[in-house]
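Asks: Got a predicted model here, sequence first, then my questions.
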Amino acid sequence: MKVASHFNFTPAHRLPPGFDAFRLRVWAFGLRLLVVGSLGCALSARAQTPPHLPPGGLMQLQVPQGIVDVSSPVSAAAVFDPPVAHVGDRVFYRVTVDATESSVTWPDAFPTPAELGFGAQASGQITQTQGARYRPLASFVYEVKPRAEGRFTVTNFTVEVSGVRLAVPSASLDVAPKSTATVAARRLRLDIPQTKVFVGQSFPVRVILPTGPDNELEALREIELHGDGLMVDRTASHQSIEPVNLDGQLRMAFTAELNVVALAAGPLKFTSQGFTAGREFMAPISIRGQVRFPSGPTKYILLVSEAAELSVRPLPEEGQPASFTGAIGRFFNDPPRLSTNRVQVGEPLQLKVTFHGEGDFCRFVPPAAPLSRDWQIIADPPPATSFTLVPLADDLRATPAIPFSYFDPDLGKYEDLTIAPQPVTVLGQGLPLAVAAAEEPGKTVAPLKLSALAQAPGGALAGLRPLQLRGWFAGLQLVPLAGFIALWQWDRRRRFLAAHPDLVRRARARRELRRARRQLQAALDAGDAAAFVQCAARAMAIAAAPHFPAEATALVGGDVLAQLDAAGQDGPYAETVRQVFAAADAAFAVAPQVQTDWLTWRPGVEAVLEKLEERL
């Protein structure tokens, strides 16, 4: 929030009569109090609502951000550094483009004089500050070693920047005789205190930028290490300006110390590079000694160093303990600390261990939780070096030992750093250590304990293989599906029969007709003519009942005749039906009738029943 106040005061010697300078100062002071009070009320009212961002992030949002300039025309420049050299000197050919490095398509070959031995190439990118704007800058550097005297020129050539061709201007190098004074090219220095390390070991690397011409010191940005088998830990970098011994002389230099981890065994080569950035220090820096910083606009120049060699050895496999987690260095631990030394069975307690030493604590892996029958051990997530211990028995007197070891690169061997057991007292679940006898005060009895193991074995099992891993378990999973399908089919059949009740009546009539025929056959076998006639009439009524529909006991002979076709109603079938129903009705007559010939009607009755059954 910005509050702009503009007040125009009249000098004291020009004030109107009766208005002196003292009154003017009092009036101005009161106006300032009014403005400050109003601003304080506004800020206090806003402070009542907790911000959604931390104060640093909120302040960052209020600061105007710079604009990235991508609309200006892209330009290129080429130069030899230094422009004058001797035969055999190291010179750098630099090409800078106002664009990102990824947008520049560098040609595979460009015109170079044969007398200039072009060597290794390096490239990088930086964001240059141009007032309130930012603009990317890509730099391509070749190391050149002249082979003859004279003036040599790299003619202009073209590169592609985002698909657009851009001309790179020509640049010349004068290779003078030895008698001519020249200036050596600026380059970075690599300082590696350790040249022999082990795989996984962290070691320091210092990138040094000595003072330049006129003893001026510049900042170094976008520092990178190039080489296979190395990993740079940028979270542990440190920058300083201090005197450094270079070639036997103390010179002020910008120093960036990086932690590097070797990832591959064997001889490794790597180089460093970085951009000079004038007075643009992007991180906290410590200064020891007197230095002089350059004035004027910042010159962003990509500097490289000579290749440094490093010998990386693999960790010895012989004697490597199982408790080794990858810690390399020299370590020791403080005595372990327990949250309590008196717990009950199943009650957790905390074991904390603090490690010290020389090594890479950013990649320090705490010891793993061992397996124990009497303790449940849970390791807290890294980087914490603490454990949660849960006792599982009441006769424990100490915590378990936690194995741990590290590798000492100076001695070249593994060192044991096992966490020693700590004394504890474990009580039974909910049981006191000793119970006072109610009968005799002051007398104690033995502490209560858990029950002993079972005396008899339990039920036998065919095997310890879980049920879900047995073959029949997969088929068992299909039983609910089969039941669901059966239920669905049953409901479908029920709905169909409910919509077609005639099918239900015919099916029921066929079942009852089969039962009536069995009874008819039983009457024939017994020679009971009266039972035969009654069974025959009932069977015919059952076969004709579904067509009405009606109950079979409510039908008479005329109803059965109505179910025969036109030929059957005038033929022998009709006569048989009349005789059977007449004989069946005769049972209700006052005078009984003769029954001698009723059993001979069997063929006719069977024919009628077959005729009626065909319509069911």
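Replies: Here it is on my side, so go on. Residues are numbered from 1 along each chain as shown.
Asks: Quick check: the gap between the residue minimising distance to the centre of the chain and Ser405.
Replies: Against the mean C-alpha coordinate of the chain, by C-alpha atoms, centre = their mean, the closest residue is Pro381 at 16.1 Å. Using C-beta to C-beta, to the nearest Å, Pro381 is found at 21 Å from Ser405. C-beta here means a position set from N, CA and C on the backbone, and glycine is covered the same way.
Asks: For the stretch 101-250 of the chain, give me the ranges with low pLDDT.
Replies: Confidence mapping of the stretch 101-250 of the chain against pLDDT under 70 gives the ranges 131-132, 213, 235-236.
Asks: What segments of it are strands?
Replies: Along the stretch 101-250 of the chain, counting by DSSP state E, counting those that start in this stretch, strands occupy 104-105, 116-130, 133-146, 150-154, 157-161, 164-168, 171-175, 189-191, 196-198, 202-210, 220-226, 230-246, 249-262.
Asks: With just CA atoms, put the fifth one into CSV.
Replies: Looking back up the chat, that one is strand 157-161. These are the backbone C-alpha positions of strand 157-161, laid out as CSV (Å, rounded to 0.1, in the frame of the first residue of the first chain):
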residue,chain,number,x,y,z
PHE,A,157,27.6,-17.6,-40.8
THR,A,158,24.0,-18.2,-39.9
VAL,A,159,22.2,-20.0,-37.1
GLU,A,160,18.5,-20.6,-36.6
VAL,A,161,16.6,-19.0,-33.7
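Asks: For the remainder of this discussion, apply numbering that starts at 705.
Replies: Okay, residue one is now 705; in that scheme the one you just asked about reads as strand 861-865.
Asks: Buried ones in that strand, by neighbour count?
Replies: By neighbour count with 16 or more other C-beta atoms under 10 Å, strand 861-865 contains the buried residues 861, 863, 865.
Asks: show me the contacts for the last one.
Replies: In this case it means Val865. 778, 801, 803, 807-809 (C-beta atoms under 8 Å, 6 or more residues apart in numbering).
Asks: can you put those in CSV and add distance to Leu1185?
Replies: Below are the contacts of Val865 laid out as CSV (distance: C-beta to C-beta, whole Å):
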residue, distance to Leu1185
Val778, 69
Val801, 69
Ala803, 66
Ser807, 61
Val808, 65
Thr809, 63
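Asks: now the residue nearest to the centre of the chain: how far from Phe1091?
Replies: From Pro1085 over to Phe1091 the distance is 11 Å, taken as C-beta to C-beta.
Asks: cool, and Gly1179?
Replies: Distance from Gly1179 to Phe1091, by C-beta to C-beta: 46 Å.
Asks: swap in Phe1059?
Replies: From Phe1059 to Phe1091 the distance is 13 Å (C-beta to C-beta).
Asks: count of neighbours near the nearest residue to Asp1078 once chain neighbours are set aside?
Replies: Excluding the flanking residues, the one nearest Asp1078 by C-beta to C-beta, 6 or more residues apart in numbering is Ala1097, at 5.1 Å. Residue neighbour count, defined by other C-beta atoms under 10 Å, stands at 12 for Ala1097.
Asks: Check the secondary structure at Ala1097 for me.
Replies: State at Ala1097, reduced to three classes by DSSP: H, G, I helix; E, B strand; the rest coil: coil.
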